[in-house]
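Trainee: My questions concern the predicted model and sequence given below.
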Amino acid sequence: MFPALLWLAGCTRAPRLAAVPAGQTVLAFGDSVTHGTGASAGQDWPTLLATLTGWRVINAGIPGDTAENGRHRLPPLLAEHRPALVIIEIGGNDFLRRRPANAVKEDLRDMVRTVRQMGAQVALVAVPELSLMSALTRQPTDAPLYEELAKEEGVALVPDVFSSVLSEARLRADQIHPNADGYRQLADGIHTQLKSLGAAP
């Protein structure tokens, strides 16, 4: 079974999301992985997710962006697009800059609360942590702060998908970015979990 589905099966208190019908606006907010770095135009996971769901997915990924900066960039996008759902994938560049995990967590918490205050639903995509063990084993795992924050805030979490993609060389453009096949698997995994949580058609 796909690792993320194991998580869903074992987590009886995973928060449900209201259904987001085809045609609704969804904001994909993040960094280079949301932008689609490592693949050609149109192969990014937000575009692929739009095809899978019929949603109007806005790709708000900026290469190099951090959670620290993202919390300031997010509110104007929410005001402009009024999305029904926001999918947040960010934090990897903070890890590369060795920012303390707790600081990244608090930036993400601020974003989650901002989304909710604007009346939208939110789902958090877990990002792999940087560790010596993952580098040695080539088996990246989610940074623990994502699951911690999901439990503390009662927010929907999409775990394991990004880490699973980066664990397979055939799915990577480089050590931190998927290739076209990787983005396809990332989109499929995000879609599967959002569907299990009740949001995706």
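Mentor: That came through, no problem.

Trainee: Strands of this structure, residue ranges please.
Mentor: Assigned by DSSP state E, the chain shows strands spanning 25-30, 56-61, 85-89, 121-125, 156-158.

Trainee: Adding mean neighbour count and mean pLDDT, write these out as a markdown table.
Mentor: In short, each C-beta sits where N, CA and C put it, glycine included. What follows is the strands of the chain, written out as a markdown table (neighbours: other Cβ atoms under 10 Å; pLDDT from 0 to 100):
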| stretch | mean neighbour count | mean pLDDT |
| --- | --- | --- |
| strand 25-30 | 25 | 98 |
| strand 56-61 | 20 | 98 |
| strand 85-89 | 25 | 98 |
| strand 121-125 | 24 | 98 |
| strand 156-158 | 25 | 97 |
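
Trainee: Check whether E153 really touches V112, as I assumed.
Mentor: Yes - between E153 and V112 a contact is recorded at 5.4 Å, counting by Cβ atoms under 8 Å.

Trainee: Let me see the contact set for G23.
Mentor: G54, W55, R56 (Cβ atoms under 8 Å, 6 or more residues apart in numbering).

Trainee: can you check T34 too?
Mentor: Counted by Cβ under 8 Å, 6+ apart, T34 has contacts A28, D44, W45, P46, N59, A60, G61, E89, I90.

Trainee: cool, G30 as well?
Mentor: Contacts of G30 by Cβ under 8 Å, 6+ apart are A60, G61, I62, D65, G70, I88, E89, I90, V125.

Trainee: Check the gap between the nearest residue to L130 once chain neighbours are set aside and L78 for me.
Mentor: Closest residue to L130 apart from its sequence neighbours, by Cβ to Cβ, 6 or more residues apart in numbering: F95 at 4.7 Å. Distance check for F95 against L78: by Cβ to Cβ, to the nearest Å, it reads 25 Å.

Trainee: my guess is L145 meets D107, correct?
Mentor: No - counting by Cβ under 8 Å, L145 stays clear of D107, with 10.3 Å between them.

Trainee: buried ones in stretch 35-51?
Mentor: 35-39, 43-50 (16 or more other Cβ atoms under 10 Å).

Trainee: which one among those residues gets closest to V161?
Mentor: The nearest member of the buried residues of stretch 35-51 to V161, counting by Cβ to Cβ, is W45 at 9.5 Å.
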